[in-house]
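> next comes the sequence, and after it the predicted model I'd like to discuss.
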Amino acid sequence: MENEDLVNDVDITKRYDNEWEDIYHIKIIDSDYINNSKLDEFEWCYFLMNSTKYQLIPNYSKHKDLDYSIPEEMETRAMKINRDIFSTADKHEKKILEEKRGYMPTKYILNYRCKQ
C-alpha cells in the first residue's frame, strides 16, 4: 500500500469509548471486549471494526429528516484506519491482530505516534 493512501490525521489522544462514540456518531450495542481505559483512534477503530456490533446515530435536521452523512463518513474513516493497521503490519503483528488476541500497536503505529 502506498503511503499516500494511509489516513494521515489519526488522533492519538486517549479517550474513553463513550467519547469516541460521540465523535464518531456511533453507538456500540454489543462488544467482545471490555475496556475501562482510554484508547487512541487506532485502538478505537481496531476494536470497533473487529470486536463490536454498533449502530450509526443520525443527525436530525431542521426538517426532522434523519441525516446519516456524518456517521457514514466516520464509519468509512474507521474502516480505513483499520485497513491501515492491517496493511502496514508485518507477518507476526498481523497474525496477532487477526487472531483477535487483542490489539497491539504495530511498528507503523508506534512510529506514527513518535512523529506526532
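Thanks, I have the structure now.

> just give the nearest non-adjacent residue to Leu6, would you?
Leaving out its chain neighbours, the residue that sits closest to Leu6 by Cβ to Cβ, 6 or more residues apart in numbering is Asp84, at 5.0 Å. Bear in mind the C-beta positions are built from the backbone N, C-alpha and C, glycine included.

> what lines up beside the lowest-mean-pLDDT helix or strand in the chain in the sheet?
Ranking every helix and strand in the chain by mean pLDDT, DSSP states H and E puts strand 59-60 at the bottom, with a mean of 77. Strand 59-60 sits in its sheet next to strand 66-67 (antiparallel), going by DSSP bridges.

> so what touches the helix or strand that the strand it pairs with is followed by?
Using DSSP states H and E, the helix or strand that follows strand 66-67 towards the C-terminus is helix 69-87. The contact list for helix 69-87, computed with Cβ atoms under 8 Å, 6 or more residues apart in numbering, reads 1, 6-7, 10, 23-26, 41-42, 44-46, 48-50, 56-59, 94, 97-98, 106, 108-109.
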